[in-house]
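> got a sequence here, can you build the structure:
(chains A and B)
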Amino acid sequence: MIEFKNVTKTYDGKVNAVDDVSFTVPQGNIAVFLGPSGCGKTTLLRMVNRLVPITKGEIFIDGENTNSLNEIQLRRNIGYVIQSNGLFPNMTIEDNVTVVPKLLGWDKEKMRSRFFELMDLIGLKPDDFRKRYPHELSGGQQQRIGIARAMAADPPVMLMDEPFGALDPIIRSHLQKEFLQIQKEVQKTILFVSHDIDEAITMGDQVAIFKDGRLMQYDAPDDILANPANEFVSTFVGADRAIKSLGLHTVADLVNQLKVTPVAADSKQISLKTDLRQILSIFFNEGYEELVVVDEEKKPMGSITIQDVQKYLHQTNQSA
Amino acid sequence: MNGAFQYFMNNQDEVLALTLQHIQLVGLATVIAILIGVPIGIYLTTNDAVADVVLQIAAIIMTIPSIALFGLMIPVLSVINQGIGFLPALIALILYSQLPIIRNTYVAVQNVDPNMRDAAKGIGMSSWERIRMVEIPIALPVIMAGVRNAVVLSIGIGAIAAFIGAGGLGVLIDQGISRYNRDMIVVGAVGVSLLAIIADTVLGILQRVLTPKGMNINA
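So this is what the prediction gives:
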């Protein structure tokens, strides 16, 4: 659990880069810091591992004040991933991944087995990469290695500063999904900086929206989309926020809430796991009147129309 | 040219002994210069104001003619009875080597990608660990280029040190001049040049070996 208490950062005694921010991130959650550039989200992130000193206020990790700990020890217990991956070009992939365990004085065998574990976790073959160097890898692979390095010493908390920001959109959304899968296994408490509302909705259990150093709203993504706290938030999340919110729900949610009509005609089949935003684009792009929902065994359960999606959207937005 | 070759064949032992002396002088000066210059260069990256001053001073030292520097040191070192000979030559070469070594170290470490430094700090490296594990390895090719520069420079200036009795291949040039012996001068000069070329080549190979594998793309 990470607790921010009246955290303030003042530069030159004048400008408040971060202004009296208080909120709590529960254990095992991903909190996305969202906002335009210069809103203080990265500054706040870097205050957690004290790369930026705190002017006023306190940050607690699992009840412990970060200022009471030794800076170096604190950082070794916090995973850190940055946008340009920050891998060390002079070290092999294995040395990069195990650099924190090495600083902590682990023995060689333990580091080796940890390296294999981590590579399995991020889906890269350990033996193919062990002796290679960062510049030989693609951007996506480098970023995966960056994540593996941050998790090497199994820190309970991870800081991620636009980790997928430099990747092309296809690789980015792929890595986002992959990372959520990993997170299901490892259950870290993660602070994740982003300037992309779509990424925030996909990745966040909570989203914190900042403007000029102040916290505008801190809520679950669907709450933010359904009930923006103020003008700034609603502009920032965009006029298409209703459609964005569909990305948070799957066909299974819709089927649970509405009755599906029996299959009338043969049409494209969709699985329960597909999110409703994708369903919407299938309707628009491929011109189907209705889509056939199939269960895990590929048995048709019924069909849905674009009106069902609309009805579902209305109902959930009213209840939220 | 024939005469010079004859001279070399007739005086091989002496020429080799002087070459060894030359190598000793330059070698020792370089090692000490590295031990002084690299830490200074790294320190300067943390303090821009001092960096400007130190680099200026090193540049000014470089512009002092070597013969004048030797002359200036005679009264100072005479206090400990070392006014001429090996010690003043050694000190002069160390001083001349500082500019290329300090400047290259400073520039190389300064140019380490700030993201790399940020990552190193962020994962919990102490300053010393960061310098040792990240900054020096990444900066090494450029630092080595500075050392090569310094060595070649020192081999040339080392020849002049013969005038204050420090030995080395400059002795042949010095004596050749006073005896009107052209062959001696040529052997001394060619010897100095060959030494410089060989040293540069060997250090070039060393530079490649020391460059971290993953960095070859930039080297």
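
> in what helix or strand does residue A:159 lie?
Assigning secondary structure by DSSP states H and E places residue A:159 in strand A:157-161.

> also residue A:90?
Here residue A:90 is assigned to no helix or strand, by DSSP H and E.

> just the pLDDT for it.
pLDDT, residue A:90: 91.

> identify the residues contacting it.
B:134, B:137, B:138, B:212, B:214, B:215 (Cβ atoms under 8 Å, 6 or more residues apart in numbering or on different chains). Yep, even glycine has a C-beta here, placed from its N, CA and C like the rest.

> near chain A, which of those residues show up?
B:134, B:137, B:138, B:212, B:214, B:215 (Cβ under 8 Å from any Cβ of the partner chain).

> in helices only, show me the residues you listed.
B:137, B:138 (DSSP state H).

> save the ones next to chain A among the contacts of residue A:90 as a markdown table, and put in pLDDT and neighbour count too.
As requested, the ones next to chain A among the contacts of residue A:90 are arranged in a markdown table below (pLDDT from 0 to 100; neighbours: other Cβ atoms under 10 Å in any protein chain shown):
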| residue | pLDDT | neighbour count |
| --- | --- | --- |
| B:134 | 93 | 24 |
| B:137 | 92 | 20 |
| B:138 | 91 | 24 |
| B:212 | 79 | 17 |
| B:214 | 74 | 23 |
| B:215 | 74 | 18 |
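
> residues in the stretch 1-150 of chain A within reach of chain B, list them.
So the stretch 1-150 of chain A meets chain B at A:49, A:51, A:72-78, A:80, A:82, A:84-92, A:99-100, A:103, A:133-136, A:149-150 (Cβ under 8 Å from any Cβ).

> put the buried members of those into a ChimeraX selection.
To isolate the buried subset of the residues of the stretch 1-150 of chain A next to chain B in ChimeraX, counting by 16 or more other Cβ atoms under 10 Å in any protein chain shown, use the following:
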select /A:49,51,74,75,76,77,78,80,82,84,85,86,87,88,89,90,91,92,99,100,103,133,134,149,150
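
> in strands, which of the residues of the stretch 1-150 of chain A next to chain B fall?
Counting by DSSP state E, the residues of the stretch 1-150 of chain A next to chain B place A:78, A:80, A:82 in strands.

> does the closest residue to the last one other than its chain neighbours have beta-bridge partners, and which?
Translated: residue A:82. Take residue A:82 and drop its neighbours on the chain: the residue closest to it by Cβ to Cβ, 6 or more residues apart in numbering or on different chains is residue A:161, 4.8 Å away. Legend: beta-bridge partners of residue A:161 under DSSP bridges are residue A:82, residue A:193.

> I'd say residue A:161 and residue A:191 touch.
No: counting by Cβ atoms under 8 Å, residue A:161 sits too far from residue A:191 to count as a contact (9.0 Å).

> between the two, who's got more neighbours?
residue A:191 (25 against 22; other Cβ atoms under 10 Å in any protein chain shown).

> that one falls within a strand, correct?
Yes: according to DSSP: H, G, I helix; E, B strand; the rest coil, residue A:191 belongs to a strand.

> mind listing what it touches?
A:2, A:25, A:31, A:33, A:45, A:48, A:157, A:158, A:159, A:160.

> what residues do residue A:161 and residue A:191 have in common as contacts?
What both residue A:161 and residue A:191 touch, as defined by Cβ under 8 Å, 6+ apart, is the set residue A:45.

> go through the ones in strands among the residues of the stretch 1-150 of chain A next to chain B and name the one nearest chain B.
Of all these, the one with the least separation from chain B (Cβ to the nearest Cβ) is residue A:80, at 3.8 Å.

> right, and the closest one touches residue B:119 too?
Yes: between residue A:80 and residue B:119 there is a contact at 7.0 Å, judged by Cβ under 8 Å.

> after the longest helix belonging to chain B comes which helix or strand?
As assigned by DSSP H, the longest helix anywhere in chain B is helix B:12-44. Remark: after helix B:12-44, the chain's next helix or strand is helix B:48-63, criterion DSSP H and E.

> tell me the spacing between the residue in the stretch 151-300 of chain A that chain B sits nearest to and residue A:193.
The nearest approach of the stretch 151-300 of chain A to chain B comes at residue A:159, 7.7 Å away (Cβ to the nearest Cβ). Applying Cβ to Cβ, to the nearest Å, the value for residue A:159 to residue A:193 is 8 Å.

> try residue A:51
Taking Cβ to Cβ, one finds residue A:51 at 13 Å from residue A:193.

> and residue 8, what is it in contact with?
Just going to use chain A. Neighbouring residues of residue A:8 by Cβ under 8 Å, 6+ apart: A:16, A:18, A:19, A:20, A:21, A:54, A:55, A:56, A:57.

> actually chain B
Residue B:8 is in contact with B:15, B:187, counting by Cβ under 8 Å, 6+ apart.

> try 10 Å
B:14, B:15, B:16, B:172, B:183, B:184, B:186, B:187, B:190, B:191 (Cβ atoms under 10 Å, 6 or more residues apart in numbering or on different chains).

> cool, residue B:199 as well?
Residue B:199 neighbours (Cβ under 10 Å, 6+ apart): B:23, B:26, B:27, B:30, B:148, B:151, B:152, B:154, B:155.

> can you name the two of those that sit furthest apart?
Based on Cβ to Cβ, the longest span within these runs between B:23 and B:148 and measures 15.4 Å.

> between those two, which one's more packed in?
Per other Cβ under 10 Å, whichever of residue B:23 and residue B:148 has more neighbours is residue B:148, with 21 against 17.

> so the more buried one makes contact with residue B:208?
No: taking Cβ atoms under 10 Å as the definition, residue B:148 is not a contact partner of residue B:208, at 11.6 Å.

> overlap of the contact sets of these two?
Counting by Cβ under 10 Å, 6+ apart, nothing touches both residue B:148 and residue B:208.

> so how far is the lowest-mean-pLDDT helix or strand in chain B from its chain's centroid?
Within chain B, no helix or strand scores below helix B:2-10, which has a mean of 83 by mean pLDDT, DSSP states H and E. Distance of helix B:2-10 from the chain centroid (Cα atoms, centre = their mean, to the nearest Å) equals 30 Å.

> next, count neighbours for residue A:177.
Residue A:177, neighbours per other Cβ under 10 Å, totals 12.

> got phi/psi on the closest residue to chain B within the stretch 101-250 of chain A?
Nearest residue of the stretch 101-250 of chain A to chain B (Cβ to the nearest Cβ) works out as residue A:133 at 3.0 Å. The phi and psi values for residue A:133, taken as degrees, to the nearest 10, are phi -110, psi 150.

> likewise residue A:291?
phi -120, psi 150.

> please apply the same query to the one 5 residues further on.
With angles defined as degrees, to the nearest 10, residue A:296 shows backbone torsions of phi -60, psi -30.

> which residues touch it?
A:271, A:272, A:273.

> low pLDDT regions in chain B?
Scanning chain B for pLDDT under 70 picks out B:1, B:216-219.

> which residues of it lie near chain A?
Counting by Cβ under 10 Å from any Cβ of the partner chain, the residues of chain B close to chain A are B:112-127, B:129, B:133-140, B:211-218.

> cutoff 6 Å now
Residues of chain B lying close to chain A (Cβ under 6 Å from any Cβ of the partner chain) are B:115, B:119, B:122-124, B:126, B:134, B:137-138, B:212, B:214-215, B:217.

> returning to that earlier point: out of the contacts of residue A:8, which are inside strands?
Those of these lying in strands (DSSP E): A:16, A:18, A:19, A:20, A:21, A:56, A:57.
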